[in-house]
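**Student:** Turn this into a model:
(one chain, ligands or ions: 1)
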Amino acid sequence: MQKINSFEEFQSEYKKSVENPEKFWAEKAKSFLWKRLWDKVLDWDFEEPKVKWFEGAKLNISENCLDRHLESLADKTAILWEPNHPSEEAKHISYSELHTRVSRFSNVLKSLGVVKGDRIALYMPMVPELTIAVLACARIGAIHSVVFAGFSAKALADRINDSSCKLLITADGSYRGAKTLDLKPIVDIALESCPSIEHAIVLERISSKPTMKAHRDLWWHELIEGVSSVCEATIMDAEDELFILYTSGSTGKPKGVVHSTAGYMVYAEYSFRNVFQYEGNDVFWCTADIGWITGHSYVIYGPLLAGATTLMFEGIPTFPDAGRFWEVIDKHQVNIFYTAPTAIRALEACGLDFVKPYKLDSLKVLGTVGEPINEEAWQWYHKHIGKEKCPIVDTWWQTETGGMMIAPLAGITQLKPMYATLPLPGIQPCLVDAEGKEIIGNGVEGNLCIKYPWPSMIRTIYGDHKRCNEVYFSTNPGKYFTGDGCKRDEDGFYRITGRVDDVINVSGHRIGTAEVEDAINTHRLVVESAVVGFPHPIKGQGIYAFVITSDLNGPSELIKSEIIVEICGHIGAIAKPEQIQFVNGLPKTRSGKIMRRILRKIASGEKENFGDTTTLLDPEVVQQIVKSLN
Ligand code: PRX
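**Tutor:** Residues are numbered from 1 along each chain as shown. Alright, predicted model coming up:
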């Protein structure tokens, strides 16, 4: 696939992509390996919603990631794996070795009765076997559902049950910094309530010798022994489901975002090449965990589709010290580095002594994703990591969009700190006002929508197409609604201002306030709770919980810690509140709706100026909450 090389070319490509999207994407799709070409490039109707790309085409995405490169790139490193502990040796896995290992594991899955369309859950640390398992699922047409290994047993079980997964692929445990975490005991608890699971394949990573349940649990290393490494890829339809990835919404349980095969593939490679301006021998490092969409699209699929070397890191940025990222960049001569603002802020806070020992001269391009980046962090990243010579691509996108949507092309698009800048070709953003009316012109602000389909967009919410329609397509009919607020400046550049719904973005991870409230409310002494986000210097946003209890002795530190235990049990440590404030009442409207706007102000330190509170049932409550803070 050709990449865009100048701003003029970008403008002309953008124009073409809007004037004739079908011709544009058909052109981009040509370089892939198809078993049959499409009959129709695009069929869509946002009212249903229905989006079908490359209908009639047949392909397999793992073949496009692996087999397609074997002729020219067999010996090239596909995965460069850096372990948690620097004393353990890094691993270089070539395209040909990856192909062999994926094929072998595909045969293992087949031998366990996995067939096209089955759902497979993965709950694993950042080890090469996770990528191998993902690609093996794709190779035999099984739908992978990766669950971040920081989620609790209940969260894992909920996700497995929502899509009735047949198999779970996991590990005995994981190394994270100085800690060793046992995953298998969590899995054992989860699987007690997962009737659809027939087997759990367990990779040995920490030699913890976990209990293995007879007939259900199987060791990875025993299963692959003597298995053939020849596995013909299952031919898939363009619109066959490739994966499910759960993400939080503003209401209810997490949504299983479904992505399909061909469109996701085309857009993952296209966006990867163009935004990062990837060139043949670049070493690319995306620090995201594969449990999130960033890991799916830019640790695995985008780079492997492009035949790149993708660095996969098992550890954390602060182990053995806060110089680890920079040490790894020098060690592996990383050229393109893609991380989250929260990591940048955390490392900035550790001081420059952790940066100084490293040259960082292999770097060409830096990237950020997941949350708005503040000016100070941007400047620090630019000056101290990029040495003022690396463009920073601030990439805006979502689990639902599958790939980067609004982002500069490195070295091509003019940069503005804190701006995701301009939409990629094929992406047609628009801003709408509270009534859903499109806001035309520049120097404006509104809710961000996308008015035309792009290849890697969400197809449905697993098992609940109605909810998909309600959440994304009914608020602003005829448009996909992102849930984000956005500014478009005088030059037409976009700046994302944050979520406009009840979703909190903590360290780049989406947490639904309703989910946290549900967890808190399970505590026997909790009467009611309301959760909001507030600005946090490192995490971007922190979680603030207002809680009413029925404890006659008055709320205590003990209840606080029990509430935290509930949250960790229901969701995981990522959803732990920074603050829990006990209150006697919550600001509610006469219809019983909690006015979160007021709670958000209180959580961010505001003591007065709460705006119009006349619609509150009991305006006094607000002052009581503020007073109880002191
Ligand atoms: O609010 C936006 C924020 O992250 C949300 C999407 O979260 P998730 O689906 O978990 O995917 C994160 C990784 C793609 C968005 O709705 N967000 C993502 N990137 C940016 C951002 N906010 C500002 N600037 C960004 N570059």
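
**Student:** number of nearby residues for the closest residue to residue 255 other than its chain neighbours?
**Tutor:** Spatial nearest neighbour of residue 255, chain neighbours left out: residue 461 (4.6 Å); criterion: C-beta to C-beta, 6 or more residues apart in numbering. Every C-beta, even on glycine, is put in place using the N, C-alpha and C of the backbone. Burial of residue 461 is recorded as 25 neighbouring residues (other C-beta atoms under 10 Å).

**Student:** Give me the pLDDT value at residue 461.
**Tutor:** The score at residue 461 is 98. That number is its pLDDT.

**Student:** my guess is it meets residue 467, correct?
**Tutor:** Yes - if you go by C-beta atoms under 8 Å, residue 461 and residue 467 touch, sitting 5.0 Å apart.

**Student:** between the two, what contacts are shared?
**Tutor:** residue 255 (C-beta atoms under 8 Å, 6 or more residues apart in numbering).

**Student:** Surely residue 301 forms part of a helix?
**Tutor:** Yes - looking at residue 301 with DSSP: H, G, I helix; E, B strand; the rest coil, it is inside a helix.

**Student:** residue contacts, it?
**Tutor:** Per C-beta under 8 Å, 6+ apart, neighbours of residue 301: 61, 65, 264, 265, 268, 269.

**Student:** Farthest pair within the residues you listed?
**Tutor:** 65 and 264 (12.0 Å; C-beta to C-beta).

**Student:** With neighbour numbers in mind, choose between those two.
**Tutor:** residue 65 (31 against 26).

**Student:** if you skip the residues just before and after it, what's nearest to that one?
**Tutor:** Nearest to residue 65 is residue 304, by C-beta to C-beta, 6+ apart, at 3.9 Å.

**Student:** I figured that neighbour was touching residue 76, is that so?
**Tutor:** No - contact criterion C-beta under 8 Å: residue 304 and residue 76 do not qualify, at 11.0 Å.

**Student:** out of the contacts of residue 301, which one sits closest to the ligand?
**Tutor:** Proximity of the contacts of residue 301 to the ligand (C-beta to the nearest ligand atom) peaks at residue 268, which lies at 12.4 Å.

**Student:** The protein - how does it break down into domains?
**Tutor:** For the chain, automatic domain parsing gives the domain ranges 7-247+260-486, 507-629.

**Student:** where's the residue of the stretch 401-550 of the chain found nearest the ligand, which helix or strand?
**Tutor:** Evaluated by C-beta to the nearest ligand atom, the stretch 401-550 of the chain has residue 496 as its residue closest to the ligand, separated by 3.7 Å. Secondary structure from DSSP states H and E places residue 496 in strand 494-499.

**Student:** Can you pull out the residues in contact with that strand?
**Tutor:** Against strand 494-499 from outside (C-beta under 8 Å, 6+ apart): 371-372, 396, 406, 416, 418-423, 429, 445, 448, 483-489, 505, 541.

**Student:** What would I type in PyMOL if I wanted to highlight the buried members of those and nothing else?
**Tutor:** Selection of buried members from those for PyMOL, criterion 16 or more other C-beta atoms under 10 Å:
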select buried, resi 371+372+396+406+416+418+419+420+421+422+423+429+448+483+484+485+486+487+488+505+541
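
**Student:** The closest residue to the ligand within the stretch 1-150 of the chain - how many residues pack around it?
**Tutor:** Nearest residue of the stretch 1-150 of the chain to the ligand: residue 148, at 10.5 Å (C-beta to the nearest ligand atom). By other C-beta under 10 Å, 21 other residues sit near residue 148.

**Student:** is it true that it touches residue 291?
**Tutor:** Yes - with contacts counted by C-beta under 8 Å, residue 148 reaches residue 291, the gap being 2.8 Å.

**Student:** anything in contact with each of the two?
**Tutor:** Joint contacts of residue 148 and residue 291 (C-beta under 8 Å, 6+ apart) do not exist.

**Student:** Who has more neighbours out of residue 304 and residue 76?
**Tutor:** Comparing residue 304 with residue 76 by neighbour count (other C-beta under 10 Å), the higher total belongs to residue 304, at 27 against 16.
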